[in-house]
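S.K.: Take a look and give me a structure for this.
(one chain, ligands or ions: 1)
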Amino acid sequence: MATRLIWQVEAWRRRVGASTCLFVAIFTTSLQAAENISVLGNKPRWDVLEHYQQTITHDEFAHLINDVYCTHGFAPDLIEIKDDSARILMNRDFQKFFTLRFAASDSARKPVPRLWRPAKSLSPSKEGKPLSGLKIALDPGHLGGKWAKMEERWFQVGDSQPVQEGDLTLRVARLLATRLRALGATVSFVRSTDEPTTGKRPDDFHELARKILIKNGVPQPRADILDQTDPEKEHTIRWQSEILFYRYSEIRRRAALVNLKLHPDVVLCLHFNAEGWGDPTSPLLTDANHLHLLVNGSYLPEELELDDERFEMIRRLLSRAYDEELPLADTTAAAMSRETALPPYAYPTTKSTTKVGASGYVYARNLLATRLYRCPVVYCEPYVMNSKDVFARIQAGDYEGTRNINGVERKSIFREYADSVADGLVEYYSKARGKSD
Ligand SMILES: [Zn+2]
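M.R.: Numbering: from 1, shown residues only. The predicted model follows:
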């Protein structure tokens, strides 16, 4: 009943809203034993790691494994760190291992192969353009529009404008793009409309959904949901097909865009957070409001059991995305906390996250987007959408200057979000890259 337990945990998370906005793995078991791959995952290409031979020292590898990526432990046969090499399990059934040879010292390290450029390797910025030459991809979270209800990223208070996270994030992304371009950056969108980037639709996943449900202990899954209060809705083919579409297929398609077409130096994932709102047509409004940012790391032992996730973790570790995304996230978090005055979010459990960095606002967590986008990724989670304050600010819409909202003169929430992220980037890149003479 372990899987059942996972479903219960997920349902609980949704109720308390601990991670309403995050991508949480629902299916931790794969469908085929020999091919031990996560849902819709790609077969790992271990040969790619040959390019990383002797690009990392023993100490750096051990530090990243122990303090960033595998902070919750793992089965001993998965990764064995020796003095001069690491032995990484490729496939347990076949007892195949990959051997990564360490650099003997910092000075003997070979260059790290990667398509993105760290701040310090960018040419000096142009006068007044601190982000010149930098390629930024903006990833507005979720879909919004007519998909918002399916995504469970929708609520409405009385006759007020419905709150749809995917629409809010796209609005922020458009404002942010304008600011970043004015600062010299080249900006692309991972999603620029409220339509999915994936060509698949829920109907394409009925058979897979059925197989997953059967595998997870629901021998005769029902086709459809009775209504939104149906306690068994997560055990229906419809609900599973929809999540396979809007989460798994959609994010994997976005990853293909980032990795094969856009080739950015950094991706900014833009989200709004929420606390459990209960009935979306009569949502609970709360006083809680907070901010946090995420970078990739903190893999769960069961996630590391999957061959593709373990491979993707090692590839990400070796790319040293963390060396760039952590200080960038920390600096951006500081700017956002200054401008939003939001306190740091505290996860109710430390089971899936690890606090990292110095700002107090940044956590490592293994999300699909932060794992799959092969460059530094900063994942922003400001504002509780169903807090009374944020709800009022969302209803006020976008405007120039300031307005009095709940007795306080405020910028529009969309501009405050965009401006604070842009300010964080300016601060980070101004410090981290050289300046022109
Ligand atoms: Zn979100």
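S.K.: Once you drop chain neighbours, what's closest to the residue in the stretch 101-250 of the chain that the ion sits nearest to?
M.R.: Nearest residue of the stretch 101-250 of the chain to the ion: G141, at 3.9 Å (Cβ to the ion). Where you see a C-beta, it was placed from the backbone N, CA and C, and this is true even at glycine. Nearest residue to G141, sequence neighbours excluded (Cβ to Cβ, 6 or more residues apart in numbering): H271, at 4.0 Å.
S.K.: Tell me the pLDDT of the one you found.
M.R.: In this model, H271 is scored at 98, pLDDT.
S.K.: now it: how far from the ion?
M.R.: Per Cβ to the ion, to the nearest Å, H271 is found 3 Å from the ion.
S.K.: thought that residue was touching E381?
M.R.: Yes. Assessed by Cβ atoms under 8 Å, H271 is found in contact with E381 at 5.2 Å.
S.K.: So for those two, which residue has more residues nearby?
M.R.: Neighbour totals were compared for H271 and E381, and H271 leads with 27 against 24 (other Cβ atoms under 10 Å).
S.K.: so what's the closest residue to I237 other than its chain neighbours up against?
M.R.: Distances taken as Cβ to Cβ, 6+ apart place A209 nearest to I237, at 4.7 Å, with adjacent residues excluded. Counting by Cβ atoms under 8 Å, 6 or more residues apart in numbering, A209 makes contact with 221, 237-238, 240-241, 244.
S.K.: change it to 6 Å
M.R.: A209 makes contact with 237, 240-241, according to Cβ atoms under 6 Å, 6 or more residues apart in numbering.
S.K.: Quick one: mean pLDDT for the one helix or strand it maps to?
M.R.: Secondary structure assignment for A209, by DSSP states H and E: helix 206-215. On average, the pLDDT along helix 206-215 is 95.
S.K.: Could you point out the helix or strand that follows that helix?
M.R.: Next along the chain from helix 206-215, counting by DSSP H and E, comes helix 237-243.
S.K.: other SSEs contacting that following helix?
M.R.: When contacts are defined as 3 or more Cβ pairs under 6 Å, 6 or more residues apart in numbering; DSSP states H and E, helix 237-243 sits against helix 206-215.
S.K.: and the helix it packs on, how far from the chain's centre?
M.R.: Offset of helix 206-215 from its chain centre (Cα atoms, centre = their mean, to the nearest Å): 25 Å.
S.K.: Enumerate the positions of it that are buried.
M.R.: Residues of helix 206-215 classed as buried: 208-210, 212-213 (neighbour count, 16 or more other Cβ atoms under 10 Å).
S.K.: Report the buried residues of stretch 96-113.
M.R.: Of the residues in stretch 96-113, 97-98, 100, 102-103 count as buried by neighbour count, 16+ other Cβ under 10 Å.
S.K.: now swap in stretch 129-149 and tell me
M.R.: Quick answer for stretch 129-149 (16+ other Cβ under 10 Å): 130-145, 147-148.
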